[in-house]
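**Student:** Sharing a sequence plus its predicted fold:
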Amino acid sequence: MSVDVLIVGGGLAGSLAAWRIAALHPSVSLLLLESGDTLGGNHTWSFHDTDITPAQRAWLQPLVTAQWPRHEVRFPAYARVLDGGYATVTSERLHAVIAPALGARLRLATPVQAVDRDGATLGDGTQITARLVLDARGGGPEHVPVGWQSFLGQEVRLQAPHGLQWPILMDATVEQRGGYRFIYVLPFTADTLLIEDTYYIDGPAIDAHECRAAIAGYARDRGWSIAEVVREEAGALPIPLGGTLDDFRALSPALAIGVRAGLFQPTTGYSLPEAVATASLIAEGHLNEVPGVYARMHAYVTARWQAGAFNRLLNRWLFRAARPTERRIIFEQFYRRAEPTIARFYAGRLTWPDRLRLLTGRPPVPVTRALAHLRS
Ligand SMILES: Cc1cc2nc3c(=O)[nH]c(=O)nc-3n(C[C@H](O)[C@H](O)[C@H](O)COP(=O)(O)OP(=O)(O)OC[C@H]3O[C@@H](n4cnc5c(N)ncnc54)[C@H](O)[C@@H]3O)c2cc1C
C-alpha cells in the first residue's frame with residue numbers, strides 16, 4: 001500500500017496534524033496509524049489563550065470542552081487572580097471529532113513495528129510506503145538529564161455546586177512533600193471538577209494511593225462532598241535540564257513531530273501549543289514538495305529548541321541549584337511578575353527583558369550555590 005502522507009501515532013500531535021491535513025488537502029491520500037483503540041489516550045490537555053494564535057484557536061475550537069476568562073494561583077504568602085483565559089481539550093472529544101472526520105484514513109489498534117523516511121512496517125509485517133512520513137509516537141531520549149512533573153488527577157462529580165468560577169492552576173498552600181507540590185483544579189461544570197495532585201520532583205514515581213487520599217482531603221477541606229469519581233488520569237512529564245536537539249533527532253529517521261521532536265514547553269512539559277503550531281505549519285503549506293516540509297519543520301524545531309535554552313537553565317535552577325523545599329519559593333516569586341511576562345513564559349516566547357526580569361530580584365537560592373549548578 002502507498003499513500004502521500006503517513007502519520008504514525010494518533011496521540012495529540014499526530015491527530016491534530018492528520019485532522020488539519022485532511023481539512024486543507026482533501027485530495028492528498030493520508031493514513032493515520034494508532035496502536036490504541038481510540039485517538040489521544042486518556043488526557044485533559046489545557047492551555048492558556050495566549051499560547052496559540054486566534055487563527056489556530058478558530059480551527060481547534062471544536063475540540064475545546066471547557067474555557068474560562070481567567071485563572072488563579074494560591075501560595076502561602078498571597079493569592080492572585082490572573083486575567084488570562086484558559087481552556088481544555090479532552091482525549092474523548094479529540095477522538096469524537098477527529099475519528100469520524102478521518103474515516104477510512106484512520107486505523108486504530110494498529111501497532112507499527114518500524115518507521116523510516118519512506119514508510120512503516122506494521123506489527124503483522126505489512127509494508128506501507130509514503131512520500132511523507134510523520135513520526136508522532138511520543139516519548140523522548142532516555143539519557144537526557146531531567147527532573148519530573150508528576151501528577152495524578154481525578155475528575156469528580158460533587159453532591160452540590162463547588163462555587164469556583166475559574167481554574168486554580170496552582171494551589172501551593174498544601175503540605176509540601178518530596179519537592180514542589182500543588183493542587184490543580186479545573187471546574188468543568190457547576191458540580192464537576194478535575195482535581196490533580198502535582199509534584200516537581202527528582203524522580204518520576206508518585207504514590208497513587210497518597211494522591212487519591214490527598215485529593216479526597218483537599219475536597220473535604222473545601223466542603224466539597226464527592227458523589228462519584230468519574231475518571232482518573234496520571235502523568236510523569238520529563239523536565240529537561242540539558243541535552244541537545246540531536247538527542248531528539250536521533251529518535252527517528254522520519255520527520256518527528258510532538259514531544260518526540262522536542263516540541264514541548266521545557267519547564268511544564270506541556271505540548272498542546274506546539275502540537276497546534278506544528279499542525280498549522282505542516283498543513284498550511286505545500287505538501288507535494290517533501291523537502292520543503294522537512295525544511296519548514298527543521299527551521300521551526302531549531303528555533304523552538306533555541307528559545308527553550310533559557311527554560312532549561314531555569315530547570316537546572318529549579319532542580320539542581322534549589323533544594324526541593326526551595327522550589328515553591330521560585331514559583332511563588334515567578335507569579336509576582338507582570339501578567340504579560342507570565343503569559344509569554346507559558347507560551348515559550350520570553351523576550352530578553354522578560355528573561356532579565358525573571359533573573360533579577362531577591363534570589364530564592366544563594367547566588368554562589370546557583371552559579372555552581374547552572375551550567376548544563
Ligand atoms: C495525563 C497527562 C496530562 C497532560 N496534560 C497536559 C496539558 O494539560 N496541557 C499540555 O499542553 N500538555 C499536557 N500533557 C503533556 C503532553 O501534551 C502530552 O503528553 C501529549 O499527549 C503529547 O503529545 P504527543 O502526540 O507528542 O504524544 P502522545 O499523545 O503520547 O501520542 C503518541 C501516540 O503514539 C502512539 N504510539 C506509540 N507507539 C506506537 C506504535 N509503535 N505504533 C502505533 N502507535 C504508536 C501512542 O499510542 C500514542 O497515542 C499531559 C500529559 C499527560 C500524560
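**Tutor:** Great, that's in hand.

**Student:** May I have the predicted confidence score for T325?
**Tutor:** T325 is assigned a pLDDT of 87 by the prediction.

**Student:** Check which residues of the strand or helix carrying I128 are buried.
**Tutor:** Assigned by DSSP states H and E, I128 falls within strand 127-135. Within strand 127-135, the residues scored as buried using 16 or more other Cβ atoms under 10 Å are 128, 130-135. Backbone N, C-alpha and C define where each C-beta goes, glycine included.

**Student:** Let me know whether that strand sits next to the ligand.
**Tutor:** No: for strand 127-135 and the ligand, the contact criterion (Cβ under 6 Å from any ligand atom) is not met; the two come no nearer than 9.2 Å.

**Student:** Now do that strand: distance to the chain's middle.
**Tutor:** Strand 127-135 has its C-alpha centroid displaced from the chain centroid by 26 Å (Cα atoms, centre = their mean, to the nearest Å).

**Student:** In its sheet, which strands sit next to the top strand by length along the chain, and in what direction?
**Tutor:** Secondary structure assigned by DSSP state E gives strand 226-240 as the longest strand of the chain. The strands that strand 226-240 pairs with in its sheet are strand 146-158 (antiparallel) (by DSSP bridges).

**Student:** can you give me the mean pLDDT across the strand it pairs with?
**Tutor:** For strand 146-158, the mean pLDDT works out to 97.

**Student:** before we move on, what about stretch 52-68?
**Tutor:** Averaging the model's pLDDT scores along stretch 52-68 yields 98.

**Student:** P324: neighbour count?
**Tutor:** Taking other Cβ atoms under 10 Å as the neighbour definition, P324 ends up with a count of 19.

**Student:** how is this protein carved up into domains?
**Tutor:** As assigned by automatic domain parsing, the chain contains the domains 2-70+84-142+241-307, 146-237, 322-373.

**Student:** Going by distance to A58, which of the buried residues of strand 127-135 wins?
**Tutor:** Closest approach between those and A58, by Cβ to Cβ: L134, at 22.9 Å.

**Student:** So what sits opposite the closest one in the bridge?
**Tutor:** The partner list for L134 in beta bridges (DSSP bridges) reads I7, L255.

**Student:** returning to that earlier point: dump the helix or strand that the longest strand of the chain is followed by to PDB, restricted to CA.
**Tutor:** Using DSSP H and E, the next helix or strand after strand 226-240 towards the C-terminus is helix 245-249. Written as PDB, here are the backbone C-alpha positions of helix 245-249 (Å, rounded to 0.1, in the frame of the first residue of the first chain):
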ATOM      1  CA  LEU A 245      18.400  18.800  19.700                       C
ATOM      2  CA  ASP A 246      20.400  15.900  18.200                       C
ATOM      3  CA  ASP A 247      19.300  13.700  21.200                       C
ATOM      4  CA  PHE A 248      15.700  14.100  19.800                       C
ATOM      5  CA  ARG A 249      16.700  14.000  16.200                       C
END
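
**Student:** May I see the buried residues of helix 245-249?
**Tutor:** Counting neighbours by 16+ other Cβ under 10 Å, the buried set in helix 245-249 is 245, 247-249.

**Student:** Ok, stretch 167-179 next?
**Tutor:** Applying a neighbour-count criterion of 16+ other Cβ under 10 Å, one finds 167-172, 174, 176, 178-179 buried in stretch 167-179.

**Student:** same thing with stretch 196-204?
**Tutor:** 196-201.

**Student:** Also stretch 350-358?
**Tutor:** Within stretch 350-358, the residues that qualify as buried are 350, 354-355, 358, counting by 16+ other Cβ under 10 Å.

**Student:** Point out the other helices and strands that the strand holding I128 packs with.
**Tutor:** Using 3 or more Cβ pairs under 8 Å, 6 or more residues apart in numbering; DSSP states H and E as the contact criterion, the secondary-structure elements in contact with strand 127-135 are strand 2-8, strand 30-33, strand 112-116, strand 119-122, strand 255-256, helix 290-307.
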